[in-house]
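[1] Sequence plus predicted model, see below.
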Amino acid sequence: MENHMANAIRALSMDAVQAANSGHPGMPMGMADVATVLFNRFIKIDPSNPDWPDRDRFVLSAGHGSMLLYSINHLLGYDDMGMDQIRNFRQMGARTAGHPEYGHAKGIETTTGPLGQGIATAVGMALAERMQNARFGDDLVDHHTYVIVGDGCLMEGISHEAIDFAGNLGLGKLIVMWDDNAISIDGATSLSTGTDQIARFAASNWHSIAVDGHDKGAIAAAIEAAKADPRPSFIACKTIIGFGAPNKQGTAATHGAPLGADEIALTREAIGWPHAPFTVPADVKAGWEAIAARGQAAQRAWAARMQGSSHAQAFRAALAGPDLAALHTAMAKYRQSLSADAPKVATRKASQMALEVINATLPTTVGGSADLTGSNLTKTSSMAPVSADDFSGSYIYYGVREHGMAAAMNGLALHGGFVPYGGTFLVFADYMRGAMRLSALMGKRVIYVLTHDSIGLGEDGPTHQPVETLASLRAIPNLNVYRPADAVETAEAWELALGDETTPSVLCLSRQSLPTLRTSHVDALQSSKGAYVLREATGPRDVTLIATGSEVEIALDSARQLAASGIKAAVVSAPCFERFKAQPAAYRAQILGDAPRVGVEAAIEQSWGPLLGDSSAFIGMDSFGASAPADQLYTHFGVTAQAVFDAATKLINA
Ligand SMILES: Cc1ncc(C[n+]2csc(CCOP(=O)(O)OP(=O)(O)O)c2C)c(N)n1
Ligand SMILES: [Mg+2]
């Protein structure tokens, strides 16, 4: 029966790709045996309860093989994956997108397609499992994370970050199966790689074995051994891409194109599948549905344990997400004290101060940094490190692995029960952009703490000074980019970021100290509208100065100078362009006003268009920075109150 169950995957995959005239049949056909054994003999999921917290996670890192996942989910009986979805593979409005998209259908644990992201995200899921287990015990939390990777995933650099990180943490419930078919798009993988993958994983402290990916008994034995080993496991499954297609199997031709009607007919004969396209015999379907029934029984047993568990309430609360009312109360009190004390601190320091309050209030935040803990100031006093020996802590040393960190945070967020935040320098956002983009595409609450946000970092020089990074992050849809001006705005940004369940956030924070500008407390979060008037002009405005972050202080200085010359300037602080864009037109018009505008930000002008009008100027950067003390750099690059003053007077007199 397992043979027929695997052939059902092969047939659905080749027929759906043929109908769509687009897609990737080779990978699902090659990995059908491995996937069938994994699901039939091991996987613990309940399709009637797809969000069951203690389910095994299955991640198809080789996302181009999406028909493998769709076929399986159809066969298992997920109620949103009927045959109509398979027939409409890759069509507008279908849940069966070209690559698996998180949120489009049940049983898709994460978005994959950008190679390497799946395995790195799965590491975060496996980490979340261990951390949740340390808090709530085996009765409530005891599941595996299974991953299928291809040659491409293992060639991508992010895979190395993930493998190294998972090995060091000893994530023993992570099991990665490699579709070792020695083929990628350009042909044989020998064109571009000769790595001994078994040795590579073993070197990173993984249990690492090879198996014939078409020998079901051997596959099952390998998975058993993997489950028994305390280390994360790697199973190299030797497969034939496009297995079953007599003329095309084993070649790159099956990777990403329909097999064609003739080859499909021959494949039907070769594998003994006489059934018409998009039909699965009842006994084969029943075989798959038995897997679902087994999962449902496991889910019920778990629910019974949950009933009697002393952890039940805390477990549910962790999954429900942060208590935002409690957070607001604590943060409002904290902001009030900030406005009263008016500390002069870097916003990275202000972020740590806010985190002290947040981490004392919310039990589910998980902090970390890519080896810049003391610079990003992401660790707070109550946080203990997570290690292979003890997962009860809440601080993660991600090592110098920005991309792996971002993907692991996606995994933590996707798994549920945790709100991850992690730090590095803003300029290194480029090193993790692929995963940041997926946080945004999937709509997950992941918070990026990106410090050293401009030439204001000084002596480390242009390699470390972001210039184009803010604009590049603002270009990503569904990502809120905050650049707070002082400690109060930093606290507001944190509260807003934590409250955004379906939007990731970036906090761009200064290395250099900044004065507290918001010295009178209000309960409402001024930053929630993205931009607001920090200092109104006395009388009708002659000019509006708009700034973010460390440059708001410069705009305020300039406004005072302008006032001394009889020019009435308003100052708008604009900590989050995305939130401002979402405000009603009337609010935006009121904030921006009719007077000429000067924008100030120690970065390139791109992304400022919507805030500036026809009569406007921009004071910022149009080159890389330089290595020198910060104040000298501001003067050298002309990001000064005097430059703003000059631009404003020129506009007014034009
Ligand atoms: C980051 C990234 N780069 C490139 C691609 C385009 N791409 C999709 S599949 C693939 C080849 C992958 O080879 P392999 O993982 O061996 O898959 P197989 O051909 O065996 O199915 C490439 C280059 C991608 N999806 N993601
Ligand atoms: Mg391959």
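    Arrived safely, thanks for sending. Ligands and ions are numbered 1, 2, ... in the order given.
[2] okay, CA-based contacts and neighbour counts for the rest of this
    Fine.
[3] Those residues of the stretch 101-250 of the chain touching ligand 1, which are they?
    Neighbours of ligand 1 within the stretch 101-250 of the chain, by C-alpha under 6 Å from any ligand atom: 113, 114, 115, 150, 151, 152, 153, 181, 183, 184, 185.
[4] Provide the backbone phi and psi angles at the fifth one.
    So the one you mean is residue 151. phi -60, psi -40 (degrees, to the nearest 10).
[5] so how many other residues sit close to it?
    20 (other C-alpha atoms under 10 Å).
[6] Same check on the one 4 residues further on?
    Burial measure for residue 155: 16 neighbouring residues, criterion other C-alpha under 10 Å.
[7] What residues does it make contact with?
    116, 193 (C-alpha atoms under 8 Å, 6 or more residues apart in numbering).
[8] Residue 533 versus that one, what's the distance?
    Distance of residue 155 to residue 533, computed by C-alpha to C-alpha, to the nearest Å: 50 Å.
[9] if you go through the stretch 551-654 of the chain in chain order, where are the strands?
    569-573, 597-600, 616-619 (DSSP state E, counting those that start in this stretch).
[10] Identify all contacting residues around the first one.
    Under the criterion C-alpha under 8 Å, 6+ apart, residues 485, 531-537, 541-548, 552, 555-556, 559, 562-563, 591-592 lie in contact with strand 569-573.
[11] Then stretch 6-17?
    23-25, 28-29, 32-33, 35-36, 67-68, 71-72, 86-89, 257-259, 264, 268, 271, 273, 277-278, 280, 284.
[12] So which of these are in helices?
    Applying DSSP state H to these, the entries found in helices are 28-29, 32-33, 35-36, 67-68, 71-72, 86-87, 264, 268, 271, 284.
[13] before we move on, back to that, which ChimeraX command selects the buried ones in the residues of the stretch 101-250 of the chain next to ligand 1?
    The buried residues among these can be selected in ChimeraX (16 or more other C-alpha atoms under 10 Å) with this line:
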select :113,114,115,150,151,152,153,181,183,184
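[14] Mind picking the two most distant members of the residues of the stretch 101-250 of the chain next to ligand 1?
    114 and 181 (19.0 Å; C-alpha to C-alpha).
[15] List the buried residues of whatever helix or strand residue 334 lives in.
    Residue 334 belongs to helix 324-341 when elements are defined using DSSP states H and E. Neighbour counts using 16+ other C-alpha under 10 Å place 327, 328, 330, 331, 332, 334, 335, 336, 338, 339 of helix 324-341 among the buried residues.
[16] show me the contacts for the last one.
    Read it as residue 339. Counted by C-alpha under 8 Å, 6+ apart, residue 339 has contacts 488, 516, 518, 519, 520, 521.
[17] now do the third one
    Shown in contact with residue 330 (C-alpha under 8 Å, 6+ apart): 357, 358, 361.
[18] where does it land on pLDDT?
    At residue 330, the model reports a pLDDT of 98.
[19] which stretches of the stretch 101-250 of the chain form strands?
    So, for the stretch 101-250 of the chain - with DSSP E, counting those that start in this stretch - the strands run 145-149, 174-180, 183-184, 187-188, 207-212, 233-238.
[20] Out of the ones you listed, which one sits most buried?
    Of all the strands of the stretch 101-250 of the chain, strand 174-180 carries the top mean neighbour count, a mean of 27, counting by mean count of other C-alpha atoms under 10 Å.
[21] start to end distance for stretch 341-354?
    14 Å.
[22] Give me the distance between that stretch and the centre of its chain.
    Chain-centre distance of stretch 341-354: 27 Å, with C-alpha atoms, centre = their mean, to the nearest Å.
[23] Mind listing what's buried along that stretch?
    Buried-residue list, stretch 341-354, by 16+ other C-alpha under 10 Å: 342-354.
[24] What about those residues, which are in strands?
    Using DSSP state E, the members of the buried residues of stretch 341-354 that fall in strands are 345, 346.
[25] Between the buried residues of stretch 341-354, which sits nearest ligand 1?
    residue 348 (32.0 Å; C-alpha to the nearest ligand atom).
[26] And the residue in the stretch 501-650 of the chain that ligand 1 sits nearest to, its phi and psi?
    Closest contact between the stretch 501-650 of the chain and ligand 1, by C-alpha to the nearest ligand atom, is at residue 504 (21.1 Å). The phi and psi values for residue 504, taken as degrees, to the nearest 10, are phi -70, psi 160.
[27] among the ones in helices among the contacts of stretch 6-17, which two are most distant?
    Applying C-alpha to C-alpha across those, the maximum distance is between 33 and 87, 22.5 Å.
[28] of the two, who's got more company?
    Comparing residue 33 with residue 87 by other C-alpha under 10 Å, the one with more neighbours is residue 33, at 26 against 20.
[29] List the buried residues of stretch 635-650.
    637, 638, 639, 640, 641, 642, 643, 644, 645, 647, 648, 649.
[30] export these to CSV and tack on pLDDT?
    Output for these, formatted as CSV (pLDDT from 0 to 100):
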residue, pLDDT
637, 98
638, 98
639, 98
640, 98
641, 98
642, 98
643, 98
644, 98
645, 98
647, 98
648, 98
649, 98
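[31] could I get these as JSON lines with distance to residue 494?
    Shown next, in JSON lines, are the buried residues of stretch 635-650 (distance: C-alpha to C-alpha, whole Å):
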{"residue": "637", "distance to residue 494": "31"}
{"residue": "638", "distance to residue 494": "31"}
{"residue": "639", "distance to residue 494": "27"}
{"residue": "640", "distance to residue 494": "28"}
{"residue": "641", "distance to residue 494": "29"}
{"residue": "642", "distance to residue 494": "32"}
{"residue": "643", "distance to residue 494": "32"}
{"residue": "644", "distance to residue 494": "30"}
{"residue": "645", "distance to residue 494": "32"}
{"residue": "647", "distance to residue 494": "33"}
{"residue": "648", "distance to residue 494": "33"}
{"residue": "649", "distance to residue 494": "36"}
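[32] Only whichever of the contacts of stretch 6-17 are buried, select them in ChimeraX.
    The buried subset of the contacts of stretch 6-17, as determined by 16+ other C-alpha under 10 Å, is captured in ChimeraX by this line:
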select :23,24,25,28,29,32,33,35,36,67,68,71,72,86,87,88,89,257,258,259,264,268,271,273,280,284
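[33] picking up where we left off before, from the contacts of residue 339, which is closest to ligand 2?
    When the contacts of residue 339 are compared for distance to ligand 2 (C-alpha to the ion), residue 488 wins out at 51.4 Å.
[34] how about the closest one, what does it touch?
    335, 338, 339, 516, 517, 518.
[35] Skip ahead from the helix or strand harbouring it and say which helix or strand is next.
    Element membership for residue 488 (DSSP H and E) is helix 487-499. Proceeding N to C from helix 487-499, the next assigned helix or strand is strand 505-509, under DSSP H and E.
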